[in-house]
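1. The sequence and its predicted three-dimensional model are supplied below.
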Amino acid sequence: MIDAAISQVASQLNNALRRSFQLGEELVVVSSLYEPDGGVAANINNKLAVFLVNIERDTTPSPRSRPGAGEGRHARQPLPVSLNLMVMFAANFSASNYTEALKFISSTIAHFQSWPVLDHHNTPDLDPRIDKLTLDIENLSVSDLSNLWGLFSGRYLPSVLYRMRMVTFDAGQFDAQLPVVRRAQAGVGASA
């Protein structure tokens, strides 16, 4: 489902940028910056690369029990796991096209500022397993930014980091059916 969430956001951004700049080619690609051997990925030249930086568990409380196993019974299911994805949009353009890199990063920010939530109403082709995705810019200090780009071999690209909330994994499988325990009502059947 992580792949579906990132691919959906990239596709939506790609369509918006293609319309805005009247481009015939794909501009946004879901790709790491580097091949496993350390070489630059070939498919990201003069593209906006979208890639996963981190996965974190969302700690927002969720309901503990779920009814629905049958009359007089509750289903015990493992609680869903909700995730926040840290997703980077990085413009990999040559030095002679540096202003293009800045233009596409600016356009990315503008797009998600005007369309920060993807749900089934505004994005009909959103994966049915995903209820909604919310994108927020993640602020990084210069030190944090330096450390992050150090992980990517130290070569900085114009970029913006977003926190994508909430991708929820819920297998929907019951691991037990439990009877509902009801309290006896005081005074019922007792004589006065």
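-> The structure has been received and is ready for your questions. Here the structure is a predicted model, which means the values were calculated and not measured.
2. Which pLDDT does the model give residue 57?
-> At residue 57, the pLDDT value in this model is 89.
3. Buried residues of the helix with the most length in the chain, list them for me.
-> When the chain is parsed with DSSP state H, its longest helix is helix 2-21. Buried residues in helix 2-21, counted by 16 or more other C-beta atoms under 10 Å: 5, 6, 8, 9, 10, 11, 12, 13, 14, 16, 17. (Glycine included, C-beta is placed from N, CA and C.)
4. Could you point out which of those residues is nearest to residue 51?
-> Distance to residue 51 across these (C-beta to C-beta) is lowest for residue 6, with 8.0 Å.
5. Tell me, how many residues neighbour the nearest residue to the closest one once chain neighbours are set aside?
-> Leaving out its chain neighbours, the residue that sits closest to residue 6 by C-beta to C-beta, 6 or more residues apart in numbering is residue 30, at 5.7 Å. By other C-beta atoms under 10 Å, 17 other residues sit near residue 30.
6. Give me the below-cutoff pLDDT ranges for this structure.
-> When residues are selected by pLDDT under 70, those of the chain lie in 60-77, 169-192.
7. Kindly state the beta-bridge partners for the most centrally placed residue in it.
-> Centrality entry for the chain: nearest residue to the mean C-alpha point is residue 164, 3.8 Å, by C-alpha atoms, centre = their mean. Here residue 164 sits in beta bridges with residue 85, residue 135, as judged by DSSP bridges.
8. surely it meets residue 84?
-> Yes: shown here, residue 164 and residue 84 form a contact pair, counting by C-beta atoms under 8 Å, at 6.7 Å.
9. Can you classify the residue lying closest to residue 120 once chain neighbours are set aside by secondary structure?
-> Counting by C-beta to C-beta, 6+ apart, residue 126 is the residue found nearest to residue 120 once chain neighbours are left out, at 5.5 Å. Residue 126 carries the three-state label coil when classified by DSSP: H, G, I helix; E, B strand; the rest coil.
10. Residue 126 against residue 5, yeah?
-> No: proximity of residue 126 to residue 5 does not meet the contact threshold set by C-beta under 8 Å, at 9.0 Å.
11. which residues sit against stretch 129-139?
-> 1, 4-5, 8-9, 86-87, 109, 112, 116-120, 126, 160-168 (C-beta atoms under 8 Å, 6 or more residues apart in numbering).
12. if we go to 7 Å?
-> Residues from elsewhere that reach stretch 129-139 (C-beta atoms under 7 Å, 6 or more residues apart in numbering): 1, 4-5, 9, 86, 112, 116-119, 160-165, 167-168.
13. what does stretch 11-24 give?
-> 26, 27, 28, 104, 107, 108, 111, 118, 123.
14. The same query, at a cut-off of 10 Å, please.
-> 25-30, 47-48, 50, 89, 100, 103-104, 107-108, 110-112, 114-115, 118, 122-123, 125-126, 133, 135 (C-beta atoms under 10 Å, 6 or more residues apart in numbering).
15. Out of those, which sit inside strands?
-> Among the contacts of stretch 11-24, the members falling in strands (DSSP state E) are 28, 29, 30, 47, 48, 50, 89, 118, 133, 135.
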